[in-house]
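# Sequence and predicted model, in that order:
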2 protein chains.
Amino acid sequence: MDNTFAIVEPKKFKSSQSLSLESGKILEGVSIAYETYGELNPKKDNAILLCHALSGDAHAAGYHHKDSTKPGWWDTMVGPGKAIDSSKYFIICSNVIGGCMGSSGPSSINPKDGQHYALNFPVVTIGDMVKAQKLLLDHLGVPRLLSVIGGSIGGMQTLEWSIRYPDFVFSAVPLASAQRHSALAIAFNEVARQAIMADPNWRKGNYYNNEKPGLGLAVARMIGHITYLSDDSLRNKFGRRLQDKKDFSFNFDADFQVESYLRYQGSKFVDRFDANSFLYITKAADYFDLKTQHCAEGQPLSSFAKAKAKFLVVSFTSDWLYPTYQSRALVKAMKKNNLDVSFCEIKAQCGHDAFLLPNPQLSSLISGFLDRMKKEFQLGHAF
Amino acid sequence: MDNTFAIVEPKKFKSSQSLSLESGKILEGVSIAYETYGELNPKKDNAILLCHALSGDAHAAGYHHKDSTKPGWWDTMVGPGKAIDSSKYFIICSNVIGGCMGSSGPSSINPKDGQHYALNFPVVTIGDMVKAQKLLLDHLGVPRLLSVIGGSIGGMQTLEWSIRYPDFVFSAVPLASAQRHSALAIAFNEVARQAIMADPNWRKGNYYNNEKPGLGLAVARMIGHITYLSDDSLRNKFGRRLQDKKDFSFNFDADFQVESYLRYQGSKFVDRFDANSFLYITKAADYFDLKTQHCAEGQPLSSFAKAKAKFLVVSFTSDWLYPTYQSRALVKAMKKNNLDVSFCEIKAQCGHDAFLLPNPQLSSLISGFLDRMKKEFQLGHAF
């Protein structure tokens, strides 16, 4: 395959500023891995920030090498002529802090002692991730975002952006997201964390010079993976079909295709992801709660009182981890604050993962929304 | 507490017959732990068999000691004057083979070598469990069952009974059950098994003389536990309330009550359950498929062609592990075979666990159904 037309270069920004975290701690020398697609126009009014979910990274689109067969995680959506069109927009995607794909996180080296941070890396929040992204945008000379777009935990970041930096965000697109995790979502994250921490190779996070807690991380990933799918999609994809056999094994090998698939997903994830980052990012997501985070003391709760962005909120019918009722609650809170909101529940069979998969309806919704935002942004534009 | 009125004695039956298993293997010297409540009447037409679910046992009702505070797992339903009334019926409950509560299973001693079976115990099926129960009933001199009742994997056993021994079963009550596991249910079971097998203390099943794989089993239990609950019940029970603290810990301790609860459920389970039995029983449930197991070769699939029992099928609105559509499929298959079926979907908030919890509607459904069965059984009774 020749991907030269879509080769993107991974970039890194190291901030000279320290970052005050919600925990009260300070993170010095934040590094942020990022990629950009398209060009910032002279008026600097075409910037779009993409926010990734738990297992994503800065590599949203294109290829890193001309021989690569694996494009970025949202390549179906992002690129020249695509819904998020890099021939029109300047698109930025960065790895969250706490992550393991180039930005500062538990696997980074602590400048204080030259060792991997491990659990000495401070626990970060969705707000902290967004503050780090702001440092990057300032560095890139982006004065204001036309839009910030993300699904799942990336959707939490878009919501956080709209409230933390109301004058910086012209529009926001939270997909398959929520104001806060339900007890069910926290429960699944906690069991996944317990699976990692139960692995003796985890060693309270200090495994970087030893074998990694691969078995625990694989189980954590399998748990997550099931919650991203749906009863229907699993039935259609696997049903009760057996894996390379005509009858049951009558032992504890994988008999069913769905078992083999999960084992494969688990082990593949271990090769590319850091177990401690799994702990940090899921914890940040569990902590996220727009309602409690953005209220002046003694004020009635009104998450979006400060927000100015125009919103496109999207949910998916078969998503039981971030069900539609949570998106509706978002829309209600936005409307209560007289915000410009469009909402769509897309019929999709593939559960929470739907936001990542090719979907013509989602593509046209987003591209239409961005077209409108571009026009309105230019009209009302006062920089 | 004085429980002398409800003291029950755990009993054990050791069969002199060998058991031919569906895998083709033979199990010698099957032991079955069981309890009985009430008395078999002279006509021997008042026997009811209860079938337990994954983590249940033979102790369905009453107390083992007068100072005990923990009654059997279905004490709200079973006892004198209760829905399954031990003053009217002779009620039997036995531990499944493959289990760890007194019946033959992987933790039993293999008579061939005096060692714990571990994974040398043959993989058993729901059909094998039912065949072992039949040995017990023959031993007890029960000529026919007025009813067989069970929820979840216990419901699979009731279905199996109705088809494997059609002349022995006058009625059957599968609760929160299914003809077969969905890919989603298999997926959750498989991840739970992987959590156990990932624990280095599991040692391919040979841990009986060493430390047990407690951390892996705890994670397995937590996964299961979440699937037995519902989004609603978790929200009502825990929401996002914090555990004994006013603010987040900003570490990986349990912050939310739901996290503490799951950790507690996991560790409590380890004290009473054998990890290998978890593997065996979940595998039996995953293998279960009425459609493929009871068809003569080349015959059209018709699970209930041989069944004669009258059925009461019950599902629960918030059960997403064994959803109502699966019970409806059962009812459809039964009706297609002109069977006498009553069906009820009970409105309940607590998910799959609903069948185990006190529920006046469920109690009155079952007691009414049993009253009718008793009358019809006596009328048509020809022994």
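Thanks, I have it.
# end-to-end on stretch A:244-253?
End-to-end distance for stretch A:244-253, by CA to CA, to the nearest Å: 12 Å.
# what comes up buried for it?
The neighbour-count check on stretch A:244-253 (16 or more other CB atoms under 10 Å in any protein chain shown) flags A:F248, A:F250, A:F252 as buried. C-beta here means a position set from N, CA and C on the backbone, and glycine is covered the same way.
# Surely the last one and B:A192 touch.
Translated: A:F252. No - using CB atoms under 8 Å, A:F252 makes no contact with B:A192, being 12.0 Å away.
# coming back round to it: of the buried residues of stretch A:244-253, which is the nearest to B:I186?
A:F248 (12.2 Å; CB to CB).
# Look at that closest one and report its pLDDT.
We have a pLDDT of 93 for A:F248.
# Which secondary structure element of chain A has the lowest mean pLDDT?
helix A:290-293 (a mean of 76; mean pLDDT, DSSP states H and E).
# what distance separates that helix from the centre of its chain?
The chain centroid and the centroid of helix A:290-293 are separated by 19 Å, computed with CA atoms, centre = their mean, to the nearest Å.
# coming back round to it: out of the buried residues of stretch A:244-253, which are close to chain B?
A:F248, A:F250, A:F252 (CB under 8 Å from any CB of the partner chain).
# and the closest residue to the last one other than its chain neighbours, helix, strand or coil?
Excluding its sequence neighbours, the residue lying closest to A:F252 (CB to CB, 6 or more residues apart in numbering or on different chains) is B:L279, at 5.9 Å. Classification of B:L279 using DSSP: H, G, I helix; E, B strand; the rest coil returns helix.
# wait, doesn't B:L279 sit right on A:D253?
No - applying CB under 8 Å as the test, B:L279 and A:D253 come out as separate, 11.8 Å apart.
# where along chain A do the helices fall?
For chain A, applying DSSP state H gives helices covering A:126-139, A:153-164, A:183-198, A:214-228, A:231-237, A:257-272, A:275-287, A:290-293, A:324-336, A:360-380.
# And the longest one, what does it pack against?
This means helix A:360-380. strand A:84-85, strand A:147-151, strand A:171-175, strand A:310-316, strand A:341-346 (3 or more CB pairs under 8 Å, 6 or more residues apart in numbering or on different chains; DSSP states H and E).
# Export those to TSV and append columns for mean neighbour count, mean pLDDT and distance to A:A118.
Formatted as TSV, these follow (neighbours: other CB atoms under 10 Å in any protein chain shown; pLDDT from 0 to 100; distance: least, CB to CB, whole Å):
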stretch	mean neighbour count	mean pLDDT	distance to A:A118
strand A:84-85	22	98	36
strand A:147-151	29	98	28
strand A:171-175	29	98	32
strand A:310-316	26	98	36
strand A:341-346	17	98	40
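# which one of the ones you listed lies closest to B:D244?
Per CB to CB, nearest to B:D244 of the helices and strands packed on helix A:360-380: strand A:171-175, 32.5 Å.
# now that closest one against helix A:153-164, angle please.
150 degrees (axes from the mean of the first three to the mean of the last three CA atoms, to 10 degrees).
# ok, and what's touching strand A:171-175?
A:146-152, A:154-156, A:158-159, A:161-162, A:309-315, A:327, A:330, A:355, A:362, A:366, A:369, A:373, A:377 (CB atoms under 8 Å, 6 or more residues apart in numbering or on different chains).
# go on, stretch A:123-130?
Looking at what lies outside stretch A:123-130 - CB under 8 Å, 6+ apart - the contacts are A:19, A:21-23, A:27, A:96-98, A:153, A:156-157, A:160-161, A:164-165, A:280, A:283-285, A:287-288, A:293, B:248, B:250-252.
# Report the mean per-residue pLDDT for that stretch.
98.
# Can you point out the buried residues in it?
For stretch A:123-130, a neighbour-count test (16+ other CB under 10 Å) marks A:V123, A:V124, A:T125, A:I126, A:G127, A:D128, A:M129, A:V130 as buried.
# Surely A:V331 and A:V314 touch.
No - between A:V331 and A:V314 there is no contact under CB under 8 Å: 10.4 Å.
# about what we covered before: B:Y208: which of the buried residues of stretch A:244-253 is nearest?
Closest approach between the buried residues of stretch A:244-253 and B:Y208, by CB to CB: A:F252, at 16.9 Å.
# got a pLDDT number for that closest one?
Note for A:F252: predicted pLDDT of 94.
# likewise the one 5 residues further on?
On pLDDT, A:Q257 comes in at 96.
# what's near enough to touch it?
A:F238, A:R241, A:L242, A:Q243.
# and the third one, what are its bridge partners?
Yep, that's A:L242 we're talking about. Residues in a beta bridge with A:L242, per DSSP bridges, are A:F256.
# Check the gap between A:L365 and A:V341 for me.
As for A:L365, its distance to A:V341 is 13 Å (criterion: CB to CB, to the nearest Å).
# Mind pulling the model confidence for A:Q243?
On the pLDDT scale, A:Q243 gets 89.
# Find the nearest non-adjacent residue to it, please.
A:S260 (4.4 Å).
# Now do the contacts for A:V270.
Contacts of A:V270 by CB under 8 Å, 6+ apart are A:K212, A:G214, A:L217, A:A218, A:R221.
# so which of these are also by chain B?
Answer for the contacts of A:V270 near chain B (CB under 8 Å from any CB): A:A218.
# From the contacts of A:V270, pick the one nearest chain B.
Nearest to chain B out of those is A:A218 (CB to the nearest CB; 7.2 Å).
# surely the closest one meets B:A195?
No - in this structure, A:A218 is not within contact of B:A195 by CB under 8 Å, at 9.7 Å.
# so where's chain A uncertain?
A:1-5, A:293-302, A:381-383 (pLDDT under 70).
# again, only using 80
A:1-5, A:291-302, A:380-383 (pLDDT under 80).
# Who's the closest spatial neighbour of A:H181, skipping the chain neighbours?
A:D286 (5.3 Å).
# Also A:I223?
A:A192 is the one closest to A:I223 (CB to CB, 6+ apart), at 4.6 Å.
# who touches that neighbour in this structure?
Taking CB under 8 Å, 6+ apart as the test, what A:A192 contacts is A:V219, A:A220, A:R221, A:I223, A:G224, A:F278, A:T282.
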